[in-house]
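Asker: quick one: sequence and predicted model below, then my questions.
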Amino acid sequence: MVRRHIISLLMENEAGALSRVAGLFSARAYNIESLTVAPTEDATLSRMTIVTVGSEEVIEQITKQLNKLVDVIKVMDLTEGSHIERELMLVKVKAVGAGREEMKRTADIFRGRIIDVTDATYTIELTGTGSKLDAFLEAIDPVFIIETVRTGASGIGRGERSLKA
Amino acid sequence: MEVTGAEIVVRCLAEEGVEFVFGYPGGAVLNIYDAIFKQDKFKHVLVRHEQAAVHAADAYARATGRVGVALVTSGPGVTNAVTGIATAYMDSIPIVVISGQVPTPAIGLDAFQEVDAVGITRPCVKHNFLVKDVKDLAATFKKAFHIAASGRPGPVLIDVPKDVTAHLTEFVYPATVEMRSYNPVVKGHSGQLKRAVQMLLEAKRPMIYAGGGVVLGDAAPQLTELTRLLGFPCTNTLMGLGGYPATDRQNLGMLGMHGTYEANMAMQHCDVLLAVGARFDDRVIGNPAHFAREQRRIIHIDVDPSSISKRVKVDVPIVGDVKNVLDDLLALLKQSKEKNDAAALNAWWTQIELWRSKDCLKYNRNGSIIKPQYVVEKLWEVTKGDAYVTSDVGQHQMWAAQYYKFDKPRRWINSGGLGTMGVGLPYAMGVQLAFPDAQVACITGESSIQMCIQELSTCKQYRIPVKVITLNNRYMGMVRQWQEFFYGSRYAESYMESLPDFVKLAEAYGHVGMRIDKPEDVEAALKEAFSPALKERLVFMDFQTDQTENVFPMVEGGKGLSEMILAEEL
């Protein structure tokens, strides 16, 4: 069964580390929906979150192939257990006339924050799961959207479940 | 005392006990070559093309089990080396390739002979490094050799910018390597080992399928002992030939696309399959869906977890060093009071012998044209089955694999995974340098040999007396065979026109050339080539062979293992 998986990994924070992971996915024809990477509290470590789609067999191969990369320290499929997923989105929208108040109300409903204002635009900041962000974009009229930036998902295990070097 | 980066490179190689460095100089590695000039710890072998440097280092590693080393310059030096690196990668061969790079401040500025070596090789190395600080150089070498040789072996590239080879620092070679991100599993899981033993003992129609991992993991003695203890049949992959003695009764020969009838049938119809250091490659099991139609339980031993359940789902995965795992299995089997059902095993052997009686490798021995199979058989006789045999890629490679019976591991040196034409001659160089007194034969074709023929010059310079056995059918034989079978005999661009006179060519390079046209001359020519009189000479033998001969048995791409085309059916 093809499912969406969130794979978290810790790797050595070295030049070219990202290209090894990205190269692996393209060389073996695996899907990447999103990929985020940043150093952790330990500057020698990078933490990466990859959202991918695949059958059980493909996901098994992805985790094995990631583990095989010499720079990769640990790999965890977050979707195998309970976890929290968050993504940040910045949306610049037209905000004029009657639409201006409506836009603010919709942003409030989704617990978005307006972080930049001009006479004619709002920039709204939203966090949540990917599907919540999708829902927001569906809730507003696409003609008002000027620009959308999304970070891709970050994830973390619930409770005691953690990924440590 | 502070020394230059170039001096450090040379000292690292000496610390690793490197015997030979195969290479070609150029601007970015001149400092390293200057340091090589001043040392006497290892010998540098100047090839005529960087691809051959990597192939020779690769063959040295395959034949000796030690890490092979190649040294190339930046830019085209690296791109020429890529085919060699990819070849080693596909067959899991431990080599370290050192490439020069433009000076650090020039990186990224499209400098002369600049190429992103780390980027261009990334998909075909086990790991690679760009060393930007001379202080990291020694530790990087230590890591590179460790990574190349441990776990599932593979090529490692170290890219060294020219300024780094000039910078100074103290030389300290680390005694050990600690890498938190790299710790290959070496011992098999005890629970899985017990399950495997139980499954083996319950088998009624068992089969052992052994791959290149047995050869590379130096586990041939363990595999042989286990196979004999259990009384099971054993087949080897192309990469695994010699992992179990080919002349032994329990050996069913090679399996796969051009495997024997008995090996493929037994593979398809067994009820318990023990896969050892093999990866269920597409050339080995054919169509995986067809393979899965038969019910069988599979035990899979491999050092690389990602090889397990990649193409075929297995029941008992055992991750670990093949030698350790087989040792543990042997110990458990010897303790066990249970034995296999003797009647069932006998019945299975009766069936196998019936398959074997088809004599699937027979060919027409009459006629006035030399049959390529005959040349390989005679080579086996003349060399008493004890030669190192390298090959190129194509029909001659398959005939070499089918008709030269390898009883020992590391004797069969070929490009199994990538299928690189042109490897044969540089492979033979690497092997002969490692074993100067051994008989080394390169079985090749008139097309493959031309892809690295410039190395005849290297062989002259270093007096490398390999015997080149060219099965010359004036065609890219395997391409021709597929065109005959699947493209209505339309031989598009597979005929080799305007061939050189190989005898004169060999002589022009300072070697001995022979042309053999008749079957009755084959044996005498081979005996002469391997005679003491020519022991010090490279002999290039041009055998004029049957143009229309095909490799059988054959499993067509996409077909099942048991759906073979046999010679007699045509």
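Answerer: Right, received. Where do you want to start?
Asker: starting at the chain centroid, how far to stretch A:29-36?
Answerer: Chain-centre distance of stretch A:29-36: 10 Å, with CA atoms, centre = their mean, to the nearest Å.
Asker: just the buried positions in it, please.
Answerer: Judged by neighbour count (16 or more other CB atoms under 10 Å in any protein chain shown), stretch A:29-36 contains these buried residues: A:30, A:34-36. In short, each C-beta sits where N, CA and C put it, glycine included.
Asker: I would like the residues contacting it, please.
Answerer: A:4, A:21-22, A:24-25, A:48-54, A:58, A:61-62, A:87, A:130, A:150-154 (CB atoms under 8 Å, 6 or more residues apart in numbering or on different chains).
Asker: try it again with 6 Å
Answerer: The contact list for stretch A:29-36 (CB atoms under 6 Å, 6 or more residues apart in numbering or on different chains) reads A:25, A:49-53, A:62, A:151-154.
Asker: now stretch B:100-117
Answerer: Contacts of stretch B:100-117 (CB under 6 Å, 6+ apart): B:28-29, B:73-75, B:78, B:99, B:132, B:159, B:161-163.
Asker: next, count neighbours for residue 48.
Answerer: This is for chain A. 20 (other CB atoms under 10 Å in any protein chain shown).
Asker: to clarify, I was referring to chain B.
Answerer: 18.
Asker: surely it is in a strand?
Answerer: No - looking at residue B:48 with DSSP: H, G, I helix; E, B strand; the rest coil, it is coil, so not inside a strand.
Asker: which non-adjacent residue is nearest it?
Answerer: residue B:454 (4.0 Å; CB to CB, 6 or more residues apart in numbering or on different chains).
Asker: next one: the one you found from chain A, what distance?
Answerer: Using CB to the nearest CB, to the nearest Å, residue B:454 is found at 31 Å from chain A.
Asker: phi, psi for that residue please.
Answerer: Backbone dihedrals for residue B:454, given as degrees, to the nearest 10, come out at phi -60, psi -20.
Asker: hang on, isn't it packed against residue B:50?
Answerer: No - the pair residue B:454 / residue B:50 is not scored as a contact, 11.3 Å apart, by CB atoms under 6 Å.
Asker: more crowded one of the two?
Answerer: residue B:50 (27 against 16).
Asker: just say helix, strand or coil for the closest residue in space to that one that isn't next to it in sequence.
Answerer: For residue B:50, ignoring the flanking residues on the chain, the nearest one in space by CB to CB, 6+ apart is residue B:80 at 3.7 Å. Following three-state DSSP, we place residue B:80 in the helix state.
Asker: just residue A:91 next, same as before
Answerer: Assignment for residue A:91 (three-state DSSP): strand.
Asker: I'd like the distance between it and residue A:47.
Answerer: The gap separating residue A:91 from residue A:47 is 26 Å, by CB to CB, to the nearest Å.
Asker: before we move on, what about residue A:86?
Answerer: From residue A:86 to residue A:47 the distance is 14 Å (CB to CB).
Asker: who's more crowded, the two?
Answerer: residue A:47 (21 against 16).
Asker: and which of the buried residues of stretch A:29-36 is nearest to chain B?
Answerer: residue A:30 (12.6 Å; CB to the nearest CB).
Asker: what's the pLDDT at residue B:211?
Answerer: Looking at residue B:211, its pLDDT reads 98.
Asker: ok, it touching residue B:237?
Answerer: Yes - counting by CB under 6 Å, residue B:211 touches residue B:237, with 4.4 Å between them.
Asker: now the common contact residues for these two.
Answerer: residue B:278.
Asker: ok, how many other residues are close to the nearest residue to residue B:39 once chain neighbours are set aside?
Answerer: Once flanking residues are discounted, residue B:39 sits nearest to residue B:10: 5.2 Å by CB to CB, 6+ apart. Residue B:10 is flanked by 25 other residues according to other CB under 10 Å.
Asker: find the centremost residue of chain B, please.
Answerer: Geometric centre of chain B, nearest residue: residue B:414, 4.1 Å, by CA atoms, centre = their mean.
Asker: who are the contact partners of the residue lying closest to that one once chain neighbours are set aside?
Answerer: Using CB to CB, 6+ apart and skipping residues adjacent in sequence, the residue nearest residue B:414 is residue B:391, 4.5 Å away. With contact set as CB under 6 Å, 6+ apart, residue B:391 has these partners: B:397, B:400, B:414, B:424, B:443.
Asker: on the three-state scheme, the last one is what?
Answerer: If I follow you right, that is residue B:443. Going by three-state DSSP: residue B:443 is strand.
Asker: and it, how far from residue B:378?
Answerer: 12 Å.
Asker: more neighbours: those two, which one.
Answerer: residue B:443 (29 against 20).
Asker: is that one in contact with residue B:397, as I believe?
Answerer: No - using CB under 6 Å, residue B:443 is not in contact with residue B:397; the gap is 7.4 Å.
Asker: any chance you could map the helices in chain A?
Answerer: Remark: helices assigned in chain A by DSSP state H are A:17-27, A:56-68, A:98-109, A:130-139.
Asker: format these as a markdown table; extra columns: mean neighbour count, mean pLDDT and distance to chain B.
Answerer: Below are the helices of chain A laid out as a markdown table (neighbours: other CB atoms under 10 Å in any protein chain shown; pLDDT from 0 to 100; distance: least, CB to the nearest CB, whole Å):
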| stretch | mean neighbour count | mean pLDDT | distance to chain B |
| --- | --- | --- | --- |
| helix A:17-27 | 16 | 95 | 5 |
| helix A:56-68 | 18 | 96 | 4 |
| helix A:98-109 | 14 | 95 | 43 |
| helix A:130-139 | 15 | 96 | 28 |
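Asker: who wins for proximity to residue A:118 among those?
Answerer: Distance to residue A:118, taken as CB to CB, is lowest for helix A:98-109 among those, at 11.0 Å.
Asker: since that was my last question, I'll sign off now.
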